[in-house]
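In: Okay, predicted coordinates and the sequence, questions at the end:
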Amino acid sequence: MGENRERFLDIAKGIAIICIVLLHVEDGVIPTSLNTFIGSFMISMFYITTGWLDGYRREPLPLRELVRKRWRQLAVPYFWWSVIIFSFDLILYIFGYYDTYFIGRELYKTLTLRGIGTLWFLPALFGGEIIWNVIRRSRYPWVIGLLSLVATLMLEALYLHIFGGATDSITKIIEAPFRTMYNVLGAWPGIASGFLLHRLLAQFKWKHWSRWLYGFFGVLFTAFGYWCANYWPFSFCWRIAAPIMGPIGVLLLSMAMDNICLTNYFNYWGRNSLALMVTHYSIVMEIFNMINQYYFNEPYIQGYPSCVYFVAVMIVEYYLCELILKKFPASLGKSPL
């Protein structure tokens, strides 16, 4: 199973990133309960897989080495794609598609690391990894980890109490840097969960399990995650339990299916999830929305036509991804092919 490690992780990430695009595109087609479940785990999957990979290391990376490595892989793409998307927005502004307020807001979000569109995820993952690295390298990681978790939950509750439901412009301006911290605080528990999951399964010699066993527990955890996201009466189940149970289930199902050729599609997008993450929402979807407004005089694509919209977005994204990988891999923190 060792040589397939990256493959099943990429399959799981591929499923997650496609779910992200699907929920951004579709409008009113997916049942509410399924929509809620997907929304509960699609981001945390990337935190869980990051922690899983860290579980292979006997000792944590020195903090300086971690920062240097992830700066290239996360910070550099954040700055590159902030410039690219902001330039794209400026072009649309010149043609009257956006107003001055929108442009100012996008610039402010970039500077506060709140991020334009989906770019918020990159600082969140970067900061979450730093917090987890500091916890893991501490003298008493279990104690520091539990204290950090309590502090995180308290700070998140305070943030939601102050800014939850706010819609006015002034509050949104004040909120932006605090939202960045909120995103970071939401990342490290998922990373820690992925790490602990890896170490726990290692005790049960998971590499020697049969695929049927992976599949059985995968279905079990996925169903439990679905239940937590939709039916448990406690809000922490959606915030904490579902974002952990769902990814565990999908990971185990990916282990069970990683030798099936049909998973090649998910494997491709898992390996190129960053390219899809940074381009689909603020560039490709916006272009489709403009086409829809121009030709059909509709502000959004709704109902079953949004399914066709999703397929079209994914087709365009494939060619865009290949172009970026060949001509501009540095923008994704990658070396030239």
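Out: Sure, I can see it.

In: and A187, how many neighbours?
Out: For A187, the neighbour count with other C-beta atoms under 10 Å is 27. Every residue, glycine included, has its C-beta placed from N, CA and C.

In: Need phi/psi at the closest residue to it other than its chain neighbours.
Out: Closest residue in space to A187, ignoring its immediate chain neighbours: G128 at 2.7 Å, by C-beta to C-beta, 6 or more residues apart in numbering. Backbone torsions of G128, given as degrees, to the nearest 10, read phi -60, psi -40.

In: In this structure G128 contacts I191, no?
Out: Yes - between G128 and I191 a contact is recorded at 5.4 Å, counting by C-beta atoms under 8 Å.

In: Which phi and psi values does the spatially most central residue of the chain adopt?
Out: With distances taken as C-alpha atoms, centre = their mean, I43 lies nearest the centre of the chain, 3.3 Å away. In terms of degrees, to the nearest 10, the main-chain angles of I43 are phi -80, psi -40.

In: What's the per-residue pLDDT of the closest residue to it other than its chain neighbours here?
Out: In this structure, I43 finds its nearest non-sequential neighbour in F121, 6.8 Å apart by C-beta to C-beta, 6+ apart. The per-residue pLDDT reported for F121 equals 97.

In: I30 now?
Out: 90.

In: Contact partners for it?
Out: Shown in contact with I30 (C-beta atoms under 8 Å, 6 or more residues apart in numbering): 22-23, 38.

In: Tell me the one of those residues nearest R136?
Out: I38 (30.0 Å; C-beta to C-beta).

In: Give me the helices and strands touching the helix or strand where that closest one lies, please.
Out: Assigned by DSSP states H and E, I38 falls within helix 32-41. The contact analysis (3 or more C-beta pairs under 8 Å, 6 or more residues apart in numbering; DSSP states H and E) places helix 32-41 against helix 5-25, helix 211-230, helix 242-257.

In: mind putting those helices in a markdown table, mean pLDDT, mean neighbour count and distance to E175 included?
Out: Output for these, formatted as a markdown table (pLDDT from 0 to 100; neighbours: other C-beta atoms under 10 Å; distance: least, C-beta to C-beta, whole Å):
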| stretch | mean pLDDT | mean neighbour count | distance to E175 |
| --- | --- | --- | --- |
| helix 5-25 | 93 | 22 | 22 |
| helix 211-230 | 91 | 18 | 25 |
| helix 242-257 | 92 | 25 | 22 |
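
In: next helix or strand past the helix or strand containing A151?
Out: A151 belongs to helix 141-163 when assigned by DSSP H and E. Following helix 141-163 in sequence order, the next helix or strand is helix 169-203 (DSSP H and E).

In: buried set for that following helix?
Out: 172, 175-176, 178-195, 197-198, 201 (16 or more other C-beta atoms under 10 Å).

In: Distance from stretch 168-184 to the middle of the chain?
Out: How far stretch 168-184 lies from its chain's middle: 19 Å, per C-alpha atoms, centre = their mean, to the nearest Å.

In: Likewise for stretch 72-83?
Out: The gap between where stretch 72-83 is centred and where its chain is centred comes out at 15 Å by C-alpha atoms, centre = their mean.

In: Kindly report the same for stretch 179-197.
Out: Its chain's C-alpha centre and that of stretch 179-197 lie 11 Å apart, by C-alpha atoms, centre = their mean.

In: what sits up against that stretch?
Out: Here stretch 179-197 has contacts from 44, 47-55, 112-115, 120-121, 123-125, 127-129, 131-132, 135-136, 145, 148-149, 152, 155-156, 159, 163, 240, 243-244, 247-248, 251, using C-beta under 8 Å, 6+ apart.

In: what does stretch 313-332 give?
Out: Residues outside stretch 313-332 that contact it (C-beta under 8 Å, 6+ apart) are 18, 21, 25, 76-77, 80-81, 84, 272, 274-276, 278-280, 284-285, 288, 334-337.

In: Report the buried members of these.
Out: Taking 16+ other C-beta under 10 Å as the criterion, what is buried in these is 18, 21, 25, 76-77, 80-81, 84, 272, 274-276, 278-280, 284-285, 288, 334.

In: taking those one by one, which sit in helices?
Out: 18, 21, 25, 76-77, 80-81, 84, 274-276, 278-279, 285, 288 (DSSP state H).

In: which ones are touching I162?
Out: Contacts of I162 by C-beta under 8 Å, 6+ apart are F178.

In: thinking again about what came up before, export the helix holding I38 as PDB, just CAs?
Out: Extracted as PDB, the C-alpha positions of helix 32-41 are listed here (Å, rounded to 0.1, in the frame of the first residue of the first chain):
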ATOM      1  CA  THR A  32     -30.400  20.300   1.100                       C
ATOM      2  CA  SER A  33     -29.200  17.500   3.400                       C
ATOM      3  CA  LEU A  34     -26.500  16.300   0.900                       C
ATOM      4  CA  ASN A  35     -25.500  19.900   0.300                       C
ATOM      5  CA  THR A  36     -25.100  20.400   4.100                       C
ATOM      6  CA  PHE A  37     -23.000  17.300   4.400                       C
ATOM      7  CA  ILE A  38     -20.700  18.100   1.500                       C
ATOM      8  CA  GLY A  39     -20.200  21.600   2.800                       C
ATOM      9  CA  SER A  40     -19.200  20.300   6.200                       C
ATOM     10  CA  PHE A  41     -16.200  18.300   5.000                       C
END
